[in-house]
Each structure stands twice: as structure tokens, then as C-alpha cells.
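Peer 1: compute the structure for the input listed below.
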Amino acid sequence: MASDEALTARAPVYVVQRTSGWGGLGRDLRELWQQRELLLTFTKRTVVVRYKQTVLGIGWAILQPFFLMVVFALFFNRLGHASSAGIPYPIFAYAGLLPWTFFATSMTQAAQSLVNNQHMLRKIYFPRLIFPISTILTALVDLAVASSLLFGMMTYYGVYPEAIRLVALPAIVLLAVVTALGIGLWLSALNVAYRDVQYVVPFLAQAWLFATPAVYVGTTFSKPWSTVLGLNPMQGVVASFRWSLLGSARPPGLMLAVSAAVGAVLLTSGIVFFRRLERSFADIV
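Peer 2: Alright, predicted model coming up:
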């Protein structure tokens, strides 16, 4: 009995209390860092579950953007004579579809992340941000795997990136992560309160694809549509990703700056909205 009491005395005690404001956000981020191993465990689990009992396994991460590239190459390039800025269209389209597929996958999976894990929300406490963030990390794994085919295609077509442009690639990917996480936080929190969101997200992803120059040149549209579509944060991400790897004519500086500003707004507002609803997740889900 004495030994049990000694163990109880040495055991850490965690106090869960409701917080608000940016001070509470700081506490949440510290908790998230302390639970980083749990975050990696969730990410690994998500990857395993997604490709469990599939013949090709993680190879589907390559086939999804590849099949999209084939379809768009047939209809946009062969039949529609779409411009590819002097770059072979298959590699032009695939380089645009890579960051887009990452974003669409992140957005779709993040929207479902809380509802799919509702049994855990009710039973145990840990930072709820782990759920949407783990889906973003899972999509990053898919992006890394799918990029292997892009480099193979670049070698085949004789398109080689400049070292100075590759330096910007991590920052471009980070902007894609920020944008995906921002919209993912909004959708995941909304999906807890309104299950209609899960039916809206696929249509949102389809519409967003055609508003993003993933398979066409960004200068296709004239004003005022070009100005409206310029607020799409993925426009700068896709154009910059393509510029970094394929060496398009000039860096999309203004477009990238607008995308960074919109992405920051999405992330900040998404965190605020997520934290505001977080206290009621267990009761509603």
C-alpha cells in the first residue's frame, strides 16, 4: 500500500482548463510540441490505414496525379490546344497537379479528421490540433512519393532545375502547408457542427481545381477574372512550384506575395475559429 501511495505521489498531474486569447494559444502550441510523438504516431497510422489492403499501396500517391495528368493532356492539350508556356505539357501539368493534389487531399482528409476520430474526442484529452495536422503530414508523405515520378519525367524530357531556384522550393511547400492547414482547420471544425460540410468539400475541391492554374497557364484569364482568381492562394503556390522546378520565364513574385498573405489570413482565422469551437467538440460530435 505504501509503495502505491509513493507511485501516486510521484506521478505527474495534468490540469486541463479552458483558456482564451493568444496566451491560451501559446499553451496549446507547447502541448502540441510535447505531444509530437503522438502526432507522428497518428500520421503513421493514417498512412497505413489509407493504403491498407490495397494492391499498389502507397503507389496510389503517384497514380492519382498521373492519371489526372493523362486526362488533362488528352483533353486540354491535344483537343483544346492549351498552352504550356513552351514546356512539354505532360510535365507542365504534372508539376502543377502535384501541389494541387497535396492541397486537395489535405483539405478533404482534414475536414473529416475530427468526425472520424470522434470516439477519441469523447474519451481522452490531448491537443485536438493533432487530428488535422496529422492529415497534412500524411499528404506531405504522398507529395514526396509522387515527386519521384516528376523527377523521372524531368530527366526524360531533359528539363533540369536551376540550383538557385530549388532553394525557394521548401518555402513554397511551406506555404502550401500553411494554406492547407488554414482551410483544414475551418472545415474540420465546421464539419463537427454541420455534417453537410462533408458533402460540400468534394464540390469545393473540384471548383477550386479549375480556379487554380494547375493544368493551364496562369495568364489564361483576363480582367476582372484574373484579379479575382489572383486571391486564390493556391495560384501562387502552383505557379511558384512550377517556376522553381521547371524554370518558367519569370518568378511570380506578386502572385506569391498575395498567396502568402491570404494563406496567413486563412491560418490565423482558422486557428481562432478552431479554438473557439474546440471546447464543445466532445459534446457535439
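Peer 1: show me where the stretch 1-150 of the chain has helices.
Peer 2: Assigned by DSSP state H, counting those that start in this stretch, the helices in the stretch 1-150 of the chain fall at 2-10, 21-34, 36-51, 60-72, 89-116, 118-123, 130-157.
Peer 1: ok, and what's touching the fourth one?
Peer 2: The contact list for helix 60-72 (C-beta atoms under 8 Å, 6 or more residues apart in numbering) reads 51, 54, 56, 90, 93-94, 97-98, 101, 141-143, 145-146, 148-149, 215. For the C-beta atoms, the positions are set from N, CA and C on the backbone; glycine is no exception.
Peer 1: look up phi and psi at Val215.
Peer 2: Main-chain torsions, Val215, degrees, to the nearest 10: phi -120, psi 10.
Peer 1: just the buried ones from the contacts of helix 60-72?
Peer 2: 51, 90, 93-94, 97-98, 101, 141-143, 146, 149, 215 (16 or more other C-beta atoms under 10 Å).
Peer 1: tell me the most buried of the helices of the stretch 1-150 of the chain?
Peer 2: helix 89-116 (a mean of 24; mean count of other C-beta atoms under 10 Å).
Peer 1: that one to helix 36-51, inter-axis angle?
Peer 2: Helix 89-116 runs at 110 degrees relative to helix 36-51, counting by axes from the mean of the first three to the mean of the last three C-alpha atoms, to 10 degrees.
Peer 1: mind giving me the packing neighbours of helix 89-116?
Peer 2: Judged by 3 or more C-beta pairs under 8 Å, 6 or more residues apart in numbering; DSSP states H and E, the packing partners of helix 89-116 are helix 60-72, helix 130-157, helix 169-193, helix 197-210, helix 233-246.
Peer 1: out of those helices, flag the one nearest Ala110.
Peer 2: helix 169-193 (2.9 Å; C-beta to C-beta).
Peer 1: would you mark the buried spots in the closest one?
Peer 2: Across helix 169-193, burial judged by 16+ other C-beta under 10 Å covers 172-173, 175-192.
Peer 1: same check, this time on stretch 229-239
Peer 2: For stretch 229-239, a neighbour-count test (16+ other C-beta under 10 Å) marks 229-230, 232-239 as buried.
Peer 1: picking that back up, now tabulate the helices and strands packed on helix 89-116 in TSV and tack on distance to Leu32.
Peer 2: Below are the helices and strands packed on helix 89-116 laid out as TSV (distance: least, C-beta to C-beta, whole Å):
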stretch	distance to Leu32
helix 60-72	26
helix 130-157	7
helix 169-193	12
helix 197-210	24
helix 233-246	23
